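S.K.: make a model of this:
(one chain, ligands or ions: 2)
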Amino acid sequence: METRGYAVLQASAPLQPFTFNRRALREGDIAFDILYAGICHSDIHQAREEWGDAIFPMVPGHEIVGIVSALGSSVTKFAVGDRVGVGVFIDSCGTCENCVVGQEQYCLDGMTGTYNGFERDGTTVALGGYSNKFVINENYAFKIPASLEMSGVAPLLCAGITLYSPLRHWKAGPGSKVGVIGLGGLGHMGVKFAAAMGAEVTVFSHSAGKEEDAKRMGAKHFVVTKDPKVLADLAESFDLILNTVSAELDINLYLNLLKLNGTLVVIGLPGKPYEVSAFNLLRLRRSLAGSMIGGLPQTQEMLEFCAEHNILSDVEVISADYINEAYERTVASDVKYRFVIDAATF
Ligand code: NAP
Ligand code: ZN
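M.R.: Ligands and ions are numbered 1, 2, ... in the order given. Predicted structure coming up:
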């Protein structure tokens, strides 16, 4: 299936138009015409080889929505014309103890990433969503509720579920105080979800100009982090803090803000190790944890939650020839709050 997209041909090179073929449908596959693909900061980290070895040519993109165009012979979940979404993984072993409980992102055999990795045959390079067509096994695709506008849905497939999952796991809700560090693509979804779940939300940002937006999204408090004294004044007051920052950060400043039994969740992936003060961690029995996207059932649940609470990502829709500039603006924290590519422009 001839597909037009954008690819990176070598680390840090700009993205450029790229044509390739998607596989013919296997019996459990669906094909779909992509409408929109979000730009996640993980795309930038990988295109620039900031996480170590990458596979080129790379077609990034793991926040993908579209309309089903063809079905393999055994497909039961989708019909032609259905709205469909794909996130950060396209396959997993399906049989390990994590897969069978719907935690496929933690597949013991390794989840199969939507791009920058090999499919489960070990030789086919997976190519992602910055393209106009997609093929995937139906079990790894999501149904999009009819009420949700599609460009604002695309970022839910990574940014959305990545924040929804830890908020559920650590039981954010009425009475809990949640902090979100970084108001970017992930962070803004965290604010919307935590507020919808009933938590009291504080945004920690190094961009003073984002306060009004943060409050509109549901944050009660907005803290500009440039002055460490402001953070010190908030010591021992949070149950849960989600760090979505894509750059290096002194996480000890934030560990110090946790109450007894509070948890700081590492979500941002700058690529370099964090330094952690054992004193900060021991005091008040604090936890430092990590969380990676979410499994298939919880991603579908998150989409239903969005329909129920009318939650979408705030997006700036761009054409394909703007991707490189969008990367620069994302790195400069100048994104409100997710760039989404209009796939008609590939
Ligand atoms: P993003 O849209 O670029 O947002 C990151 C935000 O971090 C920025 O908007 C900015 O917020 C803050 N920030 C950036 N540079 C900073 C600096 N030098 N100092 C302090 N704050 C800074 O990125 P994203 O797409 O949300 O992704 C965030 C991170 O999560 C990336 O590292 C990405 O790879 C990772 N990620 C993890 C998972 C997972 O499963 N755990 C999934 C997807 C992505 P303010 O302007 O408000 O300060
Ligand atoms: Zn992502």
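
S.K.: what bridges to residue 205?
M.R.: Here residue 205 sits in beta bridges with residue 224, going by DSSP bridges.

S.K.: domain assignment for the chain?
M.R.: Residue ranges of the domains in the chain are recorded as 2-158+314-345, 160-290, according to automatic domain parsing.

S.K.: what's the closest of those domains to residue 298?
M.R.: With respect to residue 298, and counting by Cβ to Cβ, the nearest of these is domain 160-290 at 5.8 Å. Every residue, glycine included, has its C-beta placed from N, CA and C.

S.K.: is any residue of the closest one near ligand 1?
M.R.: Yes - legend: contact between domain 160-290 and ligand 1 by Cβ under 6 Å from any ligand atom is shown at 162, 182-187, 205-207, 210, 244-247, 249, 267-270.

S.K.: what's the PyMOL syntax to select whichever of these are buried?
M.R.: The following PyMOL line selects those of the residues of domain 160-290 next to ligand 1 that are buried, judged by 16 or more other Cβ atoms under 10 Å:
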select buried, resi 162+182+183+184+185+186+187+205+207+210+244+245+246+249+267+268+269+270
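
S.K.: would you turn the domains of the chain into TSV with mean pLDDT?
M.R.: Conversion of the domains of the chain to TSV gives the following (pLDDT from 0 to 100):
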stretch	mean pLDDT
domain 2-158+314-345	97
domain 160-290	96
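
S.K.: against residue 155, how distant is whatever residue of the chain ends up closest to ligand 1?
M.R.: Closest approach of the chain to ligand 1 (Cβ to the nearest ligand atom) occurs at residue 184, with a separation of 1.8 Å. Residue 184 sits 11 Å away from residue 155, going by Cβ to Cβ, to the nearest Å.

S.K.: contact partners for residue 291?
M.R.: Residue 291 makes contacts with 162, 165, 166, 169, 265, 266, 267, as judged by Cβ atoms under 8 Å, 6 or more residues apart in numbering.

S.K.: put the buried members of the residues you listed into a PyMOL selection.
M.R.: To isolate the buried ones among the contacts of residue 291 in PyMOL, judged by 16+ other Cβ under 10 Å, type:
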select buried, resi 162+165+166+265+266+267
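
S.K.: reformat the contacts of residue 291 as a markdown table; add secondary structure.
M.R.: Listed next are the contacts of residue 291 as a markdown table, based on DSSP: H, G, I helix; E, B strand; the rest coil:
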| residue | secondary structure |
| --- | --- |
| 162 | helix |
| 165 | helix |
| 166 | helix |
| 169 | helix |
| 265 | strand |
| 266 | strand |
| 267 | coil |
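
S.K.: picking up where we left off before, just the ones of the residues of domain 160-290 next to ligand 1 in strands?
M.R.: Within the residues of domain 160-290 next to ligand 1, residues falling in strands by DSSP state E are residue 205.

S.K.: filter the residues of domain 160-290 next to ligand 1 down to just the ones in helices.
M.R.: Of the positions in those, 162, 185, 186, 187 sit in helices, assigned by DSSP state H.

S.K.: got the buried residues for whichever strand or helix holds residue 340?
M.R.: Assigned by DSSP states H and E, residue 340 belongs to strand 338-342. Buried residues in strand 338-342, defined by neighbour count with 16+ other Cβ under 10 Å: 338, 339, 340, 341, 342.

S.K.: quick one: contacts of that strand?
M.R.: The contact list for strand 338-342, computed with Cβ under 8 Å, 6+ apart, reads 35-39, 61, 63, 130, 151-152, 154-155, 159, 185, 188, 313-320, 322-323, 326, 329-330.

S.K.: quick one: buried ones out of those?
M.R.: Among the contacts of strand 338-342, those classed as buried by neighbour count (16+ other Cβ under 10 Å) are 35-39, 61, 63, 130, 151-152, 154-155, 159, 185, 188, 313-315, 318, 320, 322-323, 326, 329-330.

S.K.: out of the ones in helices among the residues of domain 160-290 next to ligand 1, who's near ligand 2?
M.R.: Among these, proximity to ligand 2 is found for none (Cβ under 5 Å from the ion).

S.K.: need those residues in a markdown table (columns: distance to residue 6).
M.R.: Converted to a markdown table, those look like this (distance: Cβ to Cβ, whole Å):
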| residue | distance to residue 6 |
| --- | --- |
| 162 | 23 |
| 185 | 18 |
| 186 | 22 |
| 187 | 26 |
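
S.K.: tell me the residues of the chain that contact ligand 2?
M.R.: Counting by Cβ under 5 Å from the ion, the chain sits next to ligand 2 at 40, 42, 158.

S.K.: for PyMOL, write a command that selects the buried ones of the residues you listed.
M.R.: In PyMOL, this line selects whichever of these come out buried by 16+ other Cβ under 10 Å:
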select buried, resi 40+42+158
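
S.K.: so which of the residues of the chain next to ligand 2 reach ligand 1?
M.R.: Filtering the residues of the chain next to ligand 2 for neighbours of ligand 1 using Cβ under 6 Å from any ligand atom leaves 40, 42, 158.

S.K.: CSV for these, including distance to residue 238 and secondary structure?
M.R.: Converted to CSV, those look like this (distance: Cβ to Cβ, whole Å; DSSP: H, G, I helix; E, B strand; the rest coil):
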residue, distance to residue 238, secondary structure
40, 26, coil
42, 26, helix
158, 25, coil
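
S.K.: residue 299 in helix, strand or coil?
M.R.: helix.

S.K.: what's the answer for residue 284, then?
M.R.: Secondary structure of residue 284, reduced to three states by three-state DSSP: helix.
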